[in-house]
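S.K.: The following block contains a protein sequence and its predicted model.
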Amino acid sequence: MAETMVRDYEGLINRVCGIFDLLKHFPDDLSDEEVEGLLHVLPRDAAGTIGAVMHPRMRKVGITFLKGFQTWFEQARKAKAEGKKIILVPFNFPPEFVYCFESAYPLTSEVLTVSGVAALEGQGERYWDFAMGLGLPDYLCSSNTVELGSALTGADFEPDAIISAAPGSCDANSKIHEFVARYLGVPQFLLDKPVDATARGRAVYLTYFKSLIKELEEFLGEELSEERMRQVLGNANEASELYYDLWELRKMRPSPCPNVFTLYAYGAKYTLWGTEAATNIMKTMVEAVKERREKGLYPAAEEVARCFWIYTYYYWDWAAFFNGMEEKGITVLGDLLGSFFFEPIDTSSKETMIQGLARTCFDYAMTRQMGAESMSAQWIEDISYWTSQLDADACIYCGHHSCKQTWSVFSITRNEIMKRSKLPTLMLQGDSWIRRMTPMSVLDQQIDEFVSTVVKNKRTAATLIG
């Protein structure tokens, strides 16, 4: 157990849980006056995020999404109180696998960081600073170091075990999780991935995955129940169908899908997949986008550019990044972390469900691309597919400083995307989870210049602005 370094109430998860508890008292919709009153009493950083989420054009979906996350946090605390094991998982591991165990509950480290950055005054900077103060290097990834920095204080909600599924695809993730497991004295379960994507490589991976199951069964003292797996994976399959319904709607010009919905989709995927809450979030989004399609609604007079983010977003200013861009006619079509190739899982037997989970895990974002035999080749192939599917006009690379894998092959990838798809790619530089490195005003200026001078003009007028 880590020595306590800060007061109990200062832990990231504890603080975020306290804020999300307020959502239990929210109705399913709020008036403009009620939102204005709420923003007036919230700290500035939290008010910025809530203001973006509560915009009238997507308020109902935003409340559904926030309430889903409130359930995620509440059930985690309830599980801990009941003696269940809290399993910390990385972004590239399916939470529905952990939900298949009655005695375990998943928390996703990168999503916890996003929650802190979005909801807390000061965002996650104090936890990053604490980790740096311990002597950890500043080239670690803030996506997990913010949350894990909080765990290292010994004054936050701590996991009982950690699953590491990122070796090779995200080395910074793997090393910080290993360090935290050793520091806190909790077991770490490793799932390695061969770079071979042929049938032979997938068979090896299935063997590794089954070994992970056995290790977790021994740790939890529980054997996977076929009936519970069928229930959880049935929910996951339903949510996946809705995900692809949303994907189809995003193909339209102008896009009826608000930019932030792409984040909501994989926020649910990384945390709640396999639960009714995820299905509810996805269903509410699909219904809202269909309604916008029928009315011909778009936030600007015309859609100026359709941009696909080939790695990930910036998560520390939702109002400027998601809402601000679409109000200027710039559509965020999606990013690598939110674009999937998962298939429905065959629930006819326990073996088919295990195979389906292994297949899902093998093809998870980042694992599939950066864990491939050739990082650039697989990344290029997938980007080419996604951008053609979504009728993109351009690509943008966020340039998150700690991702050595994507930086190492970015130039090759950008050149090849231009050759294959004739799409220009803008390279930005900034930290996706910490605002200190590059201000949003600078990023906005670079994106605006790129769109106005480089992106081919394919403007599509909106029927109605809204």
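M.R.: Looks like it came in fine.
S.K.: need the strands for the stretch 51-200 of the chain, in chain order.
M.R.: Per DSSP state E, counting those that start in this stretch, the stretch 51-200 of the chain carries strands over the ranges 85-89, 104-108, 161-164, 188-190.
S.K.: how about a markdown table for those strands, with mean pLDDT, distance to residue 287 and mean neighbour count added?
M.R.: The C-beta positions use only the backbone N, C-alpha and C, and glycine is treated the same way. Output for those, formatted as a markdown table (pLDDT from 0 to 100; distance: least, CB to CB, whole Å; neighbours: other CB atoms under 10 Å):
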| stretch | mean pLDDT | distance to residue 287 | mean neighbour count |
| --- | --- | --- | --- |
| strand 85-89 | 97 | 29 | 24 |
| strand 104-108 | 97 | 26 | 23 |
| strand 161-164 | 95 | 34 | 22 |
| strand 188-190 | 95 | 38 | 17 |
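S.K.: Rebuild these as JSON lines, extending it with distance to residue 239.
M.R.: Listed next are the strands of the stretch 51-200 of the chain as JSON lines, based on distance: least, CB to CB, whole Å:
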{"stretch": "strand 85-89", "distance to residue 239": "17"}
{"stretch": "strand 104-108", "distance to residue 239": "15"}
{"stretch": "strand 161-164", "distance to residue 239": "21"}
{"stretch": "strand 188-190", "distance to residue 239": "25"}
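S.K.: Out of the ones you listed, flag the one nearest residue 199.
M.R.: With CB to CB as the measure, strand 188-190 is the member of those nearest residue 199 (23.3 Å).
S.K.: The closest one packs against which elements?
M.R.: In terms of contacts (3 or more CB pairs under 8 Å, 6 or more residues apart in numbering; DSSP states H and E), strand 188-190 is packed against strand 161-164, helix 171-184, helix 199-220.
S.K.: The closest residue to residue 408 other than its chain neighbours: what's it in contact with?
M.R.: Leaving aside its sequence neighbours, residue 408 sits nearest to residue 375 (CB to CB, 6 or more residues apart in numbering; 7.2 Å). Counting by CB atoms under 8 Å, 6 or more residues apart in numbering, residue 375 touches 369, 405, 406, 408, 409.
S.K.: and if you look at residue 191?
M.R.: Contacts of residue 191 by CB under 8 Å, 6+ apart are 93, 163, 164, 165, 208, 209, 212, 361.
S.K.: What separation is there between it and residue 163?
M.R.: Using CB to CB, to the nearest Å, residue 191 is found at 7 Å from residue 163.
S.K.: okay, and the common contacts of those two?
M.R.: In contact with both residue 191 and residue 163: 93, 212, using CB under 8 Å, 6+ apart.
S.K.: So what does the residue nearest to residue 240 when sequence neighbours are not counted have for phi and psi?
M.R.: For residue 240, ignoring the flanking residues on the chain, the nearest one in space by CB to CB, 6+ apart is residue 342 at 5.9 Å. Per-residue torsions, residue 342: phi -70, psi 150 (degrees, to the nearest 10).
S.K.: again, but for residue 334
M.R.: Torsion angles, degrees, to the nearest 10, at residue 334: phi 150, psi -180.
S.K.: Tell me, what's the model's pLDDT at it?
M.R.: For residue 334, the pLDDT comes out at 97.
S.K.: Surely it and residue 251 touch.
M.R.: No: using CB atoms under 8 Å, residue 334 makes no contact with residue 251, being 11.0 Å away.
S.K.: who's more crowded, the two?
M.R.: residue 334 (27 against 13; other CB atoms under 10 Å).
S.K.: just to revisit the earlier point, want to throw the helices and strands packed on strand 188-190 into TSV with distance to residue 354?
M.R.: Converted to TSV, those look like this (distance: least, CB to CB, whole Å):
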stretch	distance to residue 354
strand 161-164	16
helix 171-184	24
helix 199-220	7
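S.K.: most tightly surrounded among the ones you listed?
M.R.: Most buried of the helices and strands packed on strand 188-190, by mean neighbour count (mean count of other CB atoms under 10 Å): strand 161-164, with a mean of 22.
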